[in-house]
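Trainee: Sequence and computational prediction follow.
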Number of protein chains: 2
Amino acid sequence: MKGILEEPWISAIGGDIRERQLGEGQFLFRQGDPVSGIFAVIEGRVRLVRYSRDGIVSVLYVAVSGDTFAEAALFSDVYHCDAVADVPSGIAVIPKEAILRAFAANPDVATAFMARLARQVQALRSRLEIRNIRSATERVLQYLLLLSAPGQRAVVFDRCFKDVAAEVGLTHEAFYRALSTLDTQGKIERNGRVIRILDPA
Amino acid sequence: MKGILEEPWISAIGGDIRERQLGEGQFLFRQGDPVSGIFAVIEGRVRLVRYSRDGIVSVLYVAVSGDTFAEAALFSDVYHCDAVADVPSGIAVIPKEAILRAFAANPDVATAFMARLARQVQALRSRLEIRNIRSATERVLQYLLLLSAPGQRAVVFDRCFKDVAAEVGLTHEAFYRALSTLDTQGKIERNGRVIRILDPA
DNA sequence: GGCGGCATATGATCCGAATCATACGGTCGG
DNA sequence: CCGACCGTATGATTCGGATCATATGCCGCC
């Protein structure tokens, strides 16, 4: 369970990173606030929301442990949405100037950050593609394939299946049923939070 | 209808960009091929797919007109999936060395590219969040709000509603019905492909 | 002109995931 | 030790979006 703060690009920024504790419902920033920096969730959950003129709320993103957010703030002067803690949360604050300074001082840091963004784009596109699959079982199978692909045929989850279900875009009931079905069909083998994908060969 | 090739970061790369025409089913690259560059769809549609050992296909992304893809190849030596034209397509090929040279020569180009990636991440996250909304009408409304937010209360589509429906993750029937419902509810006003969002005030 | 194809649009039916309900085991705290 | 809570798991029912069907208008093409 490697923390996000141990990633090379972030540790290269060094001592300028502060940590903030937020209580439930507490705001980290609001729409229109001048940009102070970008953020990483160490623990907890932060909701990014935007309000239309007439008060309708849009959820833009829910960042959980290990996620960074507001990266686009590096290229803007003000925040374009509100960030509010869903639950008590610990947030790493990475000041904008510190990042830009690190980028200028060492191009490798900029490259590493760029690579991170590119991989994020890649991952998000795949996750969206997964959501285009209507069938719950097929969706779960494809999700497992996606996770297992880099390594071997085993997928190990470090969080509960309720959370995984939400990520796949299913209720936990539907997710459990999909796992059952795949197991019955002999496509997977389960052992707690370890799932092995079986070759139909 | 501004073409993707007119964006500053890409025009800064200059004359090294080539254009390729692909027939339906033709491959642009295959998993394991050495990286030549990244790509932009000028016209048509390209499917990025990965094959598991046992032949199961996973669709990672379907890039359409105006999309770039394989950005992560800048940080890799080989491609990690296949790219195949869904329909006859025109593709801009941006050689990896040309991009890296442009980045080194002018940090602003690197920054512009980084900003583009960051905005992509932002947009993709919102799209995923939209998919978490189960109700078709609410989903469409939120989608419209998302698109309208930067400008005013009007959204103008430059493509047919069938394509929009797919992006929202609905069948076109469900999408049309959602629009009808929103119209009846007085939440929107329609005029062909122009949709105005009405304040309930 | 006439035809085919496509986007738009809406009605009827079906299916499957959401929802509601229930149960069991593990863990944490009193 | 016991009770509350949560994750896991599965059954029963509901509901809404997918699917199938159908119609209209527009455009390009023969």
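Mentor: Perfect, I can see it now.
Trainee: Can you give the distance of stretch A:183-197 from its chain's centre?
Mentor: The chain centroid and the centroid of stretch A:183-197 are separated by 25 Å under CA atoms, centre = their mean, to the nearest Å.
Trainee: And stretch A:148-159, by the same measure?
Mentor: Centre to centre, stretch against its chain (CA atoms, centre = their mean), the figure for stretch A:148-159 is 17 Å.
Trainee: is chain B contacted by it?
Mentor: Yes: applying CB under 8 Å from any CB of the partner chain, one finds stretch A:148-159 touching chain B at A:A149. All C-beta atoms are positioned from the backbone trio N, CA, C, and that covers glycine.
Trainee: what residues does that stretch touch?
Mentor: If you take CB atoms under 8 Å, 6 or more residues apart in numbering or on different chains as the criterion, stretch A:148-159 is touched by A:1, A:144, A:147, A:164, A:193-199, B:50, B:52, B:58.
Trainee: Could I get those residues in CSV, plus columns for distance to DNA strand C and secondary structure?
Mentor: Below are the contacts of stretch A:148-159 laid out as CSV (distance: CB to the nearest atom of the strand, whole Å; DSSP: H, G, I helix; E, B strand; the rest coil):
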residue, distance to DNA strand C, secondary structure
A:M1, 16, coil
A:L144, 16, helix
A:L147, 19, helix
A:V164, 13, helix
A:R193, 13, coil
A:V194, 16, strand
A:I195, 19, strand
A:R196, 22, strand
A:I197, 20, strand
A:L198, 21, coil
A:D199, 24, coil
B:R50, 23, strand
B:S52, 21, coil
B:S58, 18, strand
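Trainee: wait, A:A12 sits on A:A110?
Mentor: No: at 10.0 Å, A:A12 does not count as touching A:A110 under the criterion of CB atoms under 8 Å.
Trainee: okay, these two: which has more neighbours?
Mentor: Taking A:A12 and A:A110 together and counting by other CB atoms under 10 Å in any protein chain shown, A:A110 has the greater number of neighbours (21 against 16).
Trainee: my guess is the more buried one contacts A:I99, does it?
Mentor: No: taking CB under 8 Å as the definition, A:A110 is not a contact partner of A:I99, at 9.1 Å.
Trainee: hmm, back to that, out of the contacts of stretch A:148-159, who's near DNA strand D?
Mentor: Among the contacts of stretch A:148-159, the ones lying near DNA strand D by CB under 7 Å from any atom of the strand are A:R193.
Trainee: measure the residue most central in space within chain A to DNA strand D for me?
Mentor: By CA atoms, centre = their mean, chain A has its centre lying nearest to A:D67, at 4.3 Å. In this view, A:D67 and DNA strand D are 18 Å apart by CB to the nearest atom of the strand, to the nearest Å.
Trainee: Correct me if wrong: that residue contacts A:A40.
Mentor: Yes: counting by CB under 8 Å, A:D67 does reach A:A40; the two are 7.1 Å apart.
Trainee: Can you list phi and psi of A:L60 for me?
Mentor: Taking degrees, to the nearest 10, you get phi -90, psi -30 for the backbone angles of A:L60.
Trainee: For it, give me its contacts.
Mentor: A:L48, A:V49, A:R50, A:C81, B:Q122, B:R125, B:S126, B:E129 are the contacts of A:L60 under CB under 8 Å, 6+ apart.
Trainee: Report whether the longest helix along chain A contacts DNA strand C.
Mentor: When chain A is parsed with DSSP state H, its longest helix is helix A:107-131. No: against DNA strand C, helix A:107-131 shows no contacts by CB under 7 Å from any atom of the strand, the least distance being 10.7 Å.
Trainee: can you list the residues of chain A near DNA strand D?
Mentor: Taking CB under 7 Å from any atom of the strand as the criterion, chain A approaches DNA strand D at residues A:R134, A:C160, A:F161, A:K162, A:H172, A:E173, A:Y176, A:R177, A:L179, A:S180, A:R190, A:R193.
Trainee: Which ChimeraX command selects the buried ones in the residues you listed?
Mentor: One line in ChimeraX is enough to select the buried members of those, burial here meaning 16 or more other CB atoms under 10 Å in any protein chain shown:
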select /A:179
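Trainee: of all the contacts of stretch A:148-159, which two lie farthest apart?
Mentor: Maximum pairwise distance in the contacts of stretch A:148-159, criterion CB to CB, is 29.7 Å, between A:M1 and A:D199.
Trainee: Which one of these two is surrounded by more residues?
Mentor: Higher neighbour count among A:M1 and A:D199: A:D199, with 11 against 5, using other CB under 10 Å.
Trainee: residues in contact with the more buried one?
Mentor: So A:D199 contacts A:R153, B:R53, B:D54 (CB under 8 Å, 6+ apart).
Trainee: can I get those in JSON lines with secondary structure?
Mentor: As requested, the contacts of A:D199 are arranged in JSON lines below (DSSP: H, G, I helix; E, B strand; the rest coil):
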{"residue": "A:R153", "secondary structure": "coil"}
{"residue": "B:R53", "secondary structure": "coil"}
{"residue": "B:D54", "secondary structure": "coil"}
